[in-house]
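Student: need a structure here:
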Amino acid sequence: MDFAKSDIQAMLLDSAERLLSENADVEYWRHQRSSALGFDEARWAQFAELGWLALPVPEAAGGLDGTIEDIALLNIALGRALATEPYVSTVVLADHVLKQAADEAGSLELLGQIAGGTLRIALAHQENGAHPLDVEAGGTLARPSAGGYMLSGAKIMALDAPSAGQLIVSARMEGEEGTGLFLVPADAPGLSAESYALIDGTRASDIVLADVALPAGALLVGGNRGATVLREAIDRASIALMAQAVGAMEAANKICGAYVQERKQFGAAIGSFQAIQHIMADNFVAAHQARSMLYHALANADQDQATRSAALSAARLVIGEAGQTVSRNGIQVHGGYGLTDEYAIGHYFRRLMCIEKQYGDLIQHGQRFGDSIFG
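Tutor: Next up is the predicted model:
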């Protein structure tokens, strides 16, 4: 990999440092968590002005046509600041699906709206009882009806759906093989959603589709390609989330480093105690291992499915375990009360826990990685 930063990457880092540093404290995070959507829509508009939402969008739609490496770099900065905006759902995952859609003109229009900050899209794929790494739709069915489709089924844990104007819904195609990906308005008749907050302040919804009528153009990707496109999109989203985890770990280590130099016991800074030094050393090593495995996933992002999946699951394992090490040790060096809402380290702990559970957890990625080795 080339570690020299491009002009776009230098611009991203500069803009991220200026904007995100203004609102990266406990009071801001608590305010956002109690807001209606869990994030500040005014700051989302700033993301658009700075070109962050246009980063992977094609130039034909007014975007910057950036790479997955560009996305990862920005998401490291978002992770450091514990940004709860639905960046991964809309700008990473939905962008990839739309770029693979059959209706190129319609997709470019939607991508332009994403780049301008006027459209947010969430994925509704996971179903109750289904394996989180399975990209084939289960119980949700799309039936041909009056020149279009009728969708019926239920989805759970649709991340960022409460703030989305459109949903990408996966469904089995009646009379066909495979999974189709449909663009469904969030307020479509027959669609109901139960929204809730996760422990890190982000939002999700459980969705029921009761004979939701859609035009033929709502089918973005047909059944013969739907699962492949969805797997690619989720893998890219996982890379972005891993980048956020790396940023969050590095920020947590910085917070803990400052704390152990300030907190005194028995007349000395606790950072001078050997036990604390061992904990901080473990955190330092874990964060660097996590960043290395993020690079490993990036280096294999465009490989064939088997190679990409193995590299991504290996990275998810290391980064997930590192996130637990860093955040739990961070709570420990704060004396346990770091878990309370008044301390920044508690917010990083909750965010890292949520990231580890999204798009497959440690156990599921461990199984997939083991299968890739032992067949």
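Student: list the buried ones in stretch 156-165?
Tutor: 156-164 (16 or more other CB atoms under 10 Å). C-beta here means a position set from N, CA and C on the backbone, and glycine is covered the same way.
Student: who touches that stretch?
Tutor: If you take CB atoms under 8 Å, 6 or more residues apart in numbering as the criterion, stretch 156-165 is touched by 37-39, 86, 88-90, 119-128, 167, 185-186, 193, 195, 202-207, 358.
Student: one more time with 6 Å, if that's ok
Tutor: Here stretch 156-165 makes contact (CB atoms under 6 Å, 6 or more residues apart in numbering) with 37, 86, 89, 119-122, 124, 126, 128, 186, 195, 203-207.
Student: endpoints of that stretch, how far apart?
Tutor: According to CA to CA, to the nearest Å, stretch 156-165 extends 17 Å from its N-terminal end residue to its C-terminal end residue.
Student: average model confidence for that stretch?
Tutor: Computed over stretch 156-165, the mean pLDDT rounds to 98.
Student: would you mark the buried spots in stretch 138-155?
Tutor: Of the residues in stretch 138-155, those buried by neighbour count under the rule 16+ other CB under 10 Å are 138, 140-142, 148-155.
Student: okay, buried residues for stretch 293-309 please.
Tutor: By neighbour count on 16+ other CB under 10 Å, the buried set for stretch 293-309 is 293-294, 296-298, 300-301, 308-309.
Student: report how many residues lie close to Ala102.
Tutor: Around Ala102 there are 12 other residues, counting by other CB atoms under 10 Å.
Student: could you do Ala186 as well?
Tutor: Residues contacting Ala186 under the criterion other CB under 10 Å number 20.
Student: circling back to that earlier point, can you pick out the most distant pair from the buried residues of stretch 156-165?
Tutor: Distance extremes for the buried residues of stretch 156-165: the farthest pair is Ile156 and Ser163 at 17.6 Å, using CB to CB.
Student: in this structure, which spans are strands?
Tutor: Listed in chain order, the strands of the chain (DSSP state E) span residues 121-124, 141-145, 148-159, 166-173, 179-185, 191-197, 203-215, 219-221, 264-265, 268-269.
Student: for the protein, which helix is longest?
Tutor: Longest helix in the chain by number of residues, with DSSP state H as the criterion: helix 226-262.
Student: and the angle from that helix to strand 166-173?
Tutor: Taking axes from the mean of the first three to the mean of the last three CA atoms, to 10 degrees, one finds that helix 226-262 is oriented at 140 degrees with respect to strand 166-173.
Student: counting contacts, what elements does helix 226-262 pack onto?
Tutor: Using 3 or more CB pairs under 6 Å, 6 or more residues apart in numbering; DSSP states H and E as the contact test, the elements touching helix 226-262 are helix 68-80, helix 95-99, strand 179-185, helix 274-299, helix 305-333, helix 344-357.
Student: if we can go back for a sec, so which of the buried residues of stretch 138-155 is the closest to Ala115?
Tutor: Comparing those against Ala115 with CB to CB places Lys155 closest, at 26.5 Å.
Student: list the residues that contact that closest one.
Tutor: Remark: with contacts taken as CB under 6 Å, 6+ apart, Lys155 is in contact with 124, 207.
Student: ok, the residue lying closest to Gln166 once chain neighbours are set aside - how many residues close by?
Tutor: Leaving aside its chain neighbours, Gln166 sits nearest to Ile121 (4.7 Å; criterion: CB to CB, 6 or more residues apart in numbering). Applying the criterion other CB under 10 Å, we find 26 residues in the vicinity of Ile121.
Student: hang on, Ile121 packs against Thr90?
Tutor: Yes: taking CB atoms under 6 Å as the definition, Ile121 is a contact partner of Thr90 at 5.2 Å.
Student: quick one: pLDDT of Val333?
Tutor: If you check Val333, the pLDDT there is 94.
Student: show me the shaky parts of the stretch 51-200 of the chain.
Tutor: By pLDDT under 70, the stretch 51-200 of the chain has no low-scoring segment.
Student: what's the neighbour count on Gln277?
Tutor: Counted with other CB under 10 Å, residues neighbouring Gln277 total 13.
Student: an error on my part: the question was meant for Ser6.
Tutor: One way to gauge burial is a neighbour count; for Ser6, by other CB under 10 Å, it gives 14.
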